[in-house]
Structures are given as structure tokens and as C-alpha cells.
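> Everything below, folded, please.
(one chain, ligands or ions: 2)
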Amino acid sequence: MKKHCQGEKLKNFNHNLNVPAPEEHFYLKAETRENLERISRLSEAHPVNVLVAGKQGCGKSTLVRQFAARNSRPLATFQVGILSEPGQLFGEHRLRDGQTYFQPFLFPQAIQTPGCVVHLEEINRPEHPKALNMLFSVLSEDRSVWTDELGYIEVAPGVIFFATLNEGDEFIGTEMLDAALRDRFFVTILDYLPMDVETKVLFEKTGIDEGDALTIVNLANRLRTNTQEPIIISTRHTLMIAEMVAVGASVKEAVVGSLQMNSDVLESVLLSLHLELGMREKSPDKGYVAY
Ligand SMILES: Nc1ncnc2c1ncn2[C@@H]1O[C@H](COP(=O)(O)OP(=O)(O)O)[C@@H](O)[C@H]1O
Ligand SMILES: [Mg+2]
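Ligands and ions are numbered 1, 2, ... in the order given. Below you'll find the predicted structure:
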């Protein structure tokens, strides 16, 4: 029986850590891409942590995945936002046939895999701030942590921690993040794409025509900057709208179907857009490059 438990333990410990496939048509500021390339080089010399902050749906998770893909590194992603106890990332005690055993999770394996990109999602939102305690140890200079169950764990060479942080959420634990973690991270701030680049993303990714893409982006920007009732529409959202258009919806149907918005407001925004749609000329997208 014991043997069985041990086997199970090893099997689960040995998750596959894969190098993700790159995503096409992902755009970043040239300086951000350059910075990421430097960070990858730096990680060969000493431990590196990167904090990526920005509004939801602006490409933070994609950036981390893309970084792993572009540098042929395995990627492991962990939802810090749902952690409620310090040791929870490492594993848990389980019961089988009246016996308890320790079930390690993916995290200890990931941090012991050389070159791994370890993505800590929503680091600003652990359910319990103490949940970050054990993370502090692995993120600190000595890059090691003691656990009662697994013993002393050292972070493997070349491992990079990427923490992503949703700006605009409730910042539970942010002060702690400031005090204990901020200065251990290189910080990258992402914003929504400029209009012309977002338009390009929509038609490149979904195949809709450029005019429809531009209408969607114009509409989204109009709503984003609506002074009375600004609505946050992420790139994820404009992509969803474009996908609906790609399978036959009109822009209006697609917007109504995905934004849950008052159709009177939409109607007036669309009307004002149509009146202005002589303004379809584009500005050059200088400064943004494919990554
Ligand atoms: N800069 C960008 N270029 C291309 N696609 C983007 C960009 N930003 C976001 N997207 C798309 O929007 C969706 C959501 O992005 P994601 O990385 O999950 O956002 P976040 O993690 O910031 O919430 C993805 O499908 C992604 O491909
Ligand atoms: Mg994300």
C-alpha cells in the first residue's frame, strides 16, 4: 500500500512542463521587447523577477507565455489569487486507506526546473496575505525555502519568476507587496494598444476586414473614454467581438452580444461613429513591434 502511495506521489510530481507555442500577432512596445530580451540574458547571470502590471485583458498573461515561447523555456502558471495558506503551492496532505500522505504539487517541480518561467498570476490578490510568505523566500536573494514535507528546496539556475498584477482591482495586500516585494522585481507596465495596432491585431487574428476592425476599435475607444459612463473594454473583448463578426454577425450584433450594454447608449455611440466615419484614415503605428 505504501508503495502505491509513493508511486502516485511520484507520478503527480512529474507533471509535464512544456515550452508553450508562440502566439501570432502579439504586439508590444519596442522598448518592452528589448527589455525582455535583456532580462532573459540577465537571468543567466543571477536570479531575476519580473512584475507585469496593467489593466485586465491588456496582454499580461500572453506576454509571459510569449516570453517562455520566444526563449524556449518551459512555463508553469499558478493562481496566487486563490491561495489561502502559506504552504498551499507546495502540496497537501491527503488521506488514502486510512493513511495520510503528502501530495506535492507542480510548484516545487517548476522552481527546480532549470530555466523555467514561473508565472504567479494575480499576486496582488491572495485570499490570505500570509499565503505569500513562502513565496517571499523563493523570490529573495537566497532563492530557497524550507518545507516540513519536502525539506530544503532550492530554486534551479535560470528560473525566472513573472508576477502579474491586475491594476484597478481591489488591492488586497498591495502594501505588503510594496514593502516586501516591489524592489525585488523589474517592473513592466502594459497598457491597451494604440488604436491602429489594435485594429491590426483584430484583422490579423480573425480575418475580418480592416474597416470592420477599425469600427470595433473606434467604438471600444469611444466607450472607454466616455466621460459619463466609461466602460472598460479589454483587447480580449474587442477580439471576442471581432470573432463574432468573423462568423457572420454585424458589428452591432456582436457588440450587443458581448458587452451587455444598454442598447440606447450603444445606438448613440454607433450613430456618432457613423457620422464621423470619414475619419477612417490611420496614423502610423510607430513604436510597436511583433513579439
Ligand atoms: N498587445 C496585444 N497584442 C495582441 N493580442 C493581445 C494583446 N493584448 C491582449 N491581447 C489578446 O487579448 C487576450 C487577453 O490577453 P491576456 O494576456 O489574457 O490579458 P491579461 O492577462 O492582461 O488579462 C488574449 O487573447 C491576447 O492574445
Ligand atoms: Mg492574465
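
> when you scan stretch 152-172, is anything in it near ligand 2?
No - with Cβ under 5 Å from the ion as the measure, stretch 152-172 is seen stopping short of ligand 2, the closest distance being 5.6 Å. No exception for glycine: its C-beta is placed from N, CA and C like everyone else's.

> List the buried residues of that stretch.
Residues 153, 155, 158-166 are the ones in stretch 152-172 that count as buried (16 or more other Cβ atoms under 10 Å).

> Whichever residue of the stretch 1-150 of the chain sits closest to ligand 2 - how many residues pack around it?
Using Cβ to the ion, residue 61 is the residue of the stretch 1-150 of the chain that sits closest to ligand 2, at 3.3 Å. If you count neighbours by other Cβ atoms under 10 Å, residue 61 ends up with 18.

> quick one: it from residue 26, how far?
11 Å (Cβ to Cβ, to the nearest Å).

> returning to that earlier point: wait, a strand at the residue of the stretch 1-150 of the chain closest to ligand 2?
No - counting by DSSP: H, G, I helix; E, B strand; the rest coil, residue 61 is not found in a strand; it is helix.

> okay, it: pLDDT?
pLDDT for residue 61: 96.

> now swap in residue 30 and tell me
The confidence metric pLDDT takes the value 96 at residue 30.

> partners of the nearest residue to it once chain neighbours are set aside in the sheet?
Excluding its sequence neighbours, the residue lying closest to residue 30 (Cβ to Cβ, 6 or more residues apart in numbering) is residue 289, at 4.8 Å. In this entry, residue 289 is beta-bridged to residue 28, by DSSP bridges.

> Do I have it right that residue 135 meets residue 120?
Yes - at 7.0 Å, residue 135 counts as touching residue 120 under the criterion of Cβ atoms under 8 Å.

> closest point of the protein to ligand 1, which residue?
residue 59 (2.6 Å; Cβ to the nearest ligand atom).

> what about the stretch 101-250 of the chain, any weak spots by pLDDT?
The stretch 101-250 of the chain contains residues with pLDDT under 70 at 126, 129, 168-182.

> so where do the helices sit in it?
For the stretch 101-250 of the chain, applying DSSP state H, counting those that start in this stretch gives helices covering 106-111, 133-139, 174-176, 195-206, 210-224, 235-246.

> Turn these into CSV, including distance to ligand 2 and mean neighbour count.
Converted to CSV, the helices of the stretch 101-250 of the chain look like this (distance: least, Cβ to the ion, whole Å; neighbours: other Cβ atoms under 10 Å):
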stretch, distance to ligand 2, mean neighbour count
helix 106-111, 18, 21
helix 133-139, 18, 19
helix 174-176, 17, 14
helix 195-206, 17, 20
helix 210-224, 19, 21
helix 235-246, 9, 21
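
> quick one, what contacts the closest residue to the residue of the chain closest to ligand 1 other than its chain neighbours?
Nearest non-adjacent residue to residue 59, counting by Cβ to Cβ, 6+ apart: residue 190, 5.7 Å away. Residue 190 sits next to 28, 32, 52-54, 58-60, 63 when contact means Cβ atoms under 8 Å, 6 or more residues apart in numbering.

> Mind doing that once more with 7 Å?
By Cβ atoms under 7 Å, 6 or more residues apart in numbering, the contact list for residue 190 reads 52, 54, 58-60, 63.

> Buried ones from those, can you make that a ChimeraX selection?
Buried subset of the contacts of residue 190, written as a ChimeraX selection, criterion 16+ other Cβ under 10 Å:
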select :52,54,58,59,60,63
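
> of all the contacts of residue 190, which comes closest to residue 202?
Of all those, residue 202 sits closest to residue 59, with 13.7 Å by Cβ to Cβ.

> Next one: the closest one from residue 234, what distance?
Residue 59 sits at a distance of 9 Å from residue 234 (criterion: Cβ to Cβ).

> And residue 224, by the same measure?
Residue 224 is 10 Å from residue 234, by Cβ to Cβ.

> do the same with residue 208
According to Cβ to Cβ, residue 208 and residue 234 sit 18 Å apart.

> With residue 167 instead?
Remark: distance between residue 167 and residue 234 (Cβ to Cβ) = 12 Å.

> any common contacting residues for the two?
Joint contacts of residue 167 and residue 234 (Cβ under 7 Å, 6+ apart) are residue 55.

> Touching, residue 123 and residue 166? I think so.
No - the criterion here is Cβ atoms under 7 Å, and residue 123 misses it with residue 166 at 9.5 Å.

> and the chain, what are its domains?
2-189, 195-283 (automatic domain parsing).
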